[in-house]
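Undergrad: just coords:
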């Protein structure tokens, strides 16, 4: 195996590793955005319920 072949093989390995890391980063980002959205929805639901309780107490 010549130096050129070794260089080509190493270059291809590095490109493949970079693609895999990029894909993992995307997946991790999607998971984090999904978790953030869930937290936001939970907070909004809690805020709404609290406001409804306040309104009911105020109207009584």
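TA: Received, thanks. As the structure is a prediction and not an experimental result, all values here were calculated from the model.

Undergrad: When you work out contacts or count neighbours from here on, use the C-alpha atoms and nothing else.
TA: Noted.

Undergrad: Provide a list of residues in contact with residue 53.
TA: For residue 53, the contact set (C-alpha atoms under 8 Å, 6 or more residues apart in numbering) is empty.

Undergrad: ok, it to residue 36 distance?
TA: 26 Å (C-alpha to C-alpha, to the nearest Å).

Undergrad: Same question for residue 57.
TA: For residue 57, the distance to residue 36 - C-alpha to C-alpha - is 31 Å.

Undergrad: Between those two, which is the more surrounded one?
TA: Neighbour totals were compared for residue 57 and residue 36, and residue 36 leads with 12 against 9 (other C-alpha atoms under 10 Å).

Undergrad: tell me the pLDDT at that one?
TA: Turning to residue 36, the model gives it a pLDDT of 90.

Undergrad: Poorly predicted segments of the chain, please.
TA: Where the chain drops to pLDDT under 70, the residues are 1, 60.

Undergrad: Could you rerun that using 90?
TA: 1-5, 29, 32-34, 38, 55-60 (pLDDT under 90).

Undergrad: in this protein, which spans are helices?
TA: Per DSSP state H, the chain carries helices over the ranges 3-59.
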